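> Generate a structure from the sequence data that follows.
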Amino acid sequence: MKADIHPDYNDINVVCSCGNNFTTRSTLKNEALSVDVCSACHPFYTGQQKIVDTAGRVDKFRRKYGV
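From the prediction side, this is the model:
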């Protein structure tokens, strides 16, 4: 392996638009990263996700497979 070709791996602070903060490691040079969505506010992780039913496809699937 070649020496001194890999970027530095540093701790950074991630700040979400919802106000959630957490620390992770990254090769980014700045010490902060702003994101729009995180696991604390994303509908998939919070259980607020809504299924968009187009032309009754979800109901058709549930009737067919008994789910």
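> tally of neighbours for the residue nearest to V67 when sequence neighbours are not counted?
Spatially, and ignoring its direct neighbours in sequence, V67 is nearest to F61 (7.0 Å; Cβ to Cβ, 6 or more residues apart in numbering). Just so you know, the C-beta spots here come from the backbone N, C-alpha and C atoms, and that holds for glycine as well. Residues within reach of F61, counting by other Cβ atoms under 10 Å, total 11.
> Y65 now?
The number of residues packed near Y65 is 7, by other Cβ under 10 Å.
> Same check on R57?
11.
> before we move on, the earlier item: which element, helix or strand, includes the residue nearest to V67?
Secondary structure assignment for F61, by DSSP states H and E: helix 57-65.
> what's the distance between that helix and the middle of its chain?
Taking Cα atoms, centre = their mean, to the nearest Å, one finds helix 57-65 lying 29 Å from the centre of the chain it belongs to.
> Make 761 the first number, not 1, from now on.
Happy to do that; since the first residue is 761 now, the last one works out to helix 817-825.
> for the record, mean pLDDT for that helix?
Helix 817-825 shows a mean pLDDT of 83.
> coming back round to it: relative to C801, how far out is the residue nearest to V827?
Taking Cβ to Cβ, to the nearest Å as the measure, F821 falls 29 Å from C801.
> Please tell me the pLDDT value assigned to the residue sitting nearest the centre point of the chain.
When the chain is reduced to its mean C-alpha position, the closest residue under Cα atoms, centre = their mean turns out to be C798, at 5.1 Å. In the predicted model, C798 carries a pLDDT score of 83.
> Also P803?
Looking at P803, its pLDDT reads 68.
> What separates the first and last residues of stretch 762-773, distance-wise?
For stretch 762-773, the first-to-last residue distance is 30 Å (Cα to Cα, to the nearest Å).
> so where do the helices sit in the chain?
Counting by DSSP state H, the chain has these helices, from start to end: 803-806, 817-825.
> and the last one, what other elements does it pack with?
Translated: helix 817-825. With contacts defined as 3 or more Cβ pairs under 8 Å, 6 or more residues apart in numbering; DSSP states H and E, helix 817-825 has no helix or strand neighbours.
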